[in-house]
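Enquirer: sequence plus predicted model, see below.
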Amino acid sequence: MWPRIGDLRALALGTPGELRTHLNTLVLNGVKTATAGLLDEYASDGEELEHVGERLALVDDHDALLGVVEVTDVQTCRFAEVPWDFARAEGEGDRSIEEWRAGHAAYWARIGTPVTDDTQIVCLRFRLVSAGDGGIATGDLST
């Protein structure tokens, strides 16, 4: 089961350290509006897929709340079929879908979960609804 803050599931991007800090900064600056995950991780962690309208707690390396995002779309597809418009919405600077696939394949291999063209990917789109003084400082997770 994934960590929770209040009633919200945590959205912990990348791996702790420099990568997570970078990805969180992209979200908080409105550049990153999507993230990809492995469908198998949901099952192994006993989690259901996110649903449109669900709010997630964006967290740092210590599971401290940085912001709240709202899910705007959830799709699953084969790794080889992740569309370029989704990859571009991840906001990580990839210049092509091939570059996105190579980078993500290398990332998942590094953390011990190599992917193939047939690996099922969860393509999650979201929008930032609260950060900093926009409700987080006051503890209002519903904004």
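Expert: Perfect, thanks for sending it. This one's a predicted model, so the numbers in the text were calculated from it and none came from an experiment.

Enquirer: ok, Asp94 touching Asp85?
Expert: No: between Asp94 and Asp85 there is no contact under CB atoms under 8 Å: 12.0 Å. Heads up, the C-betas are built off the backbone N, CA and C, glycines and all.

Enquirer: in terms of neighbours, single out the busier of the two.
Expert: Asp94 (17 against 10; other CB atoms under 10 Å).

Enquirer: for that one, report the pLDDT, please.
Expert: Looking at Asp94, its pLDDT reads 91.

Enquirer: roughly how far does it sit from Leu11?
Expert: Distance of Asp94 to Leu11, given as CB to CB, to the nearest Å: 20 Å.

Enquirer: list the contacts of stretch 9-22.
Expert: Residues from elsewhere that reach stretch 9-22 (CB atoms under 8 Å, 6 or more residues apart in numbering): 2-4, 23-24, 27, 35, 47, 50, 54, 56-61, 63, 69, 107, 111, 126.

Enquirer: only whichever of these are buried, select them in PyMOL.
Expert: A single PyMOL command is used to select the members of these judged buried by 16 or more other CB atoms under 10 Å:
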select buried, resi 23+24+27+35+50+54+56+57+58+59+69+126
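
Enquirer: now go through the contacts of stretch 9-22 and say which are in helices.
Expert: Taking DSSP state H, the ones among those that sit in helices are 23-24, 27, 107.

Enquirer: which one among those gets closest to Val74?
Expert: For those, the closest approach to Val74 (CB to CB) belongs to Val27, at 16.8 Å.
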